[in-house]
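Q: next input, structure requested:
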Amino acid sequence: MNFEELDAVQLTAPVPGDGLEAGAVGTVVHVFHTPYLAYEVEFVDDQGATIAMTTLRPEQIEAYTG
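A: Purely as a prediction, here's the structure:
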């Protein structure tokens, strides 16, 4: 599945280096098309402060249906 900027997504697996667990919900803030498809995703806490912003491959995320 391809995502666009501002799409809500959730992790399919943990990203321990960023302190994120599978199921964490974030927002796509940028789409990279070269050298391969990837997404910059921002994860925030309940107050809206950024917890992590990381680049993820398509297989690491899925649509958030909340």
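
Q: can you report phi and psi for the residue sitting nearest the centre point of the chain?
A: Residue closest to the average C-alpha location in the chain (CA atoms, centre = their mean): Val41, at 3.6 Å. Reported as degrees, to the nearest 10, the phi and psi values for Val41 are phi -120, psi 130.

Q: report pLDDT for it.
A: Per-residue pLDDT puts Val41 at 98.

Q: surely it and Val29 touch.
A: Yes - with contacts counted by CB atoms under 8 Å, Val41 reaches Val29, the gap being 6.8 Å. Where you see a C-beta, it was placed from the backbone N, CA and C, and this is true even at glycine.

Q: what residues are bridge-paired with Phe32?
A: On the basis of DSSP bridges, Phe32 is bridged to Ala38.

Q: that one against Thr55, yeah?
A: Yes - counting by CB under 8 Å, Phe32 does reach Thr55; the two are 7.1 Å apart.

Q: mutual contacts of the two, please.
A: Residues touching both Phe32 and Thr55 by CB atoms under 8 Å, 6 or more residues apart in numbering: 38-40.

Q: out of those residues, which is nearest to Glu21?
A: Tyr39 (18.0 Å; CB to CB).

Q: just to revisit the earlier point, need the residues touching each of Val41 and Val29.
A: With CB under 8 Å, 6+ apart as the test, Val41 and Val29 both reach Met53.

Q: so which residues of the protein form strands?
A: For the chain, the strands defined by DSSP state E cover 8-11, 25-32, 38-44, 50-56, 61-63.

Q: closest to Asn2 out of the ones you listed?
A: Nearest to Asn2, of those and by CB to CB, is strand 25-32 at 8.2 Å.

Q: contacts for the closest one?
A: Strand 25-32 has contacts (CB under 8 Å, 6+ apart) with 3-11, 37-44, 52-53, 55, 61, 64, 66.
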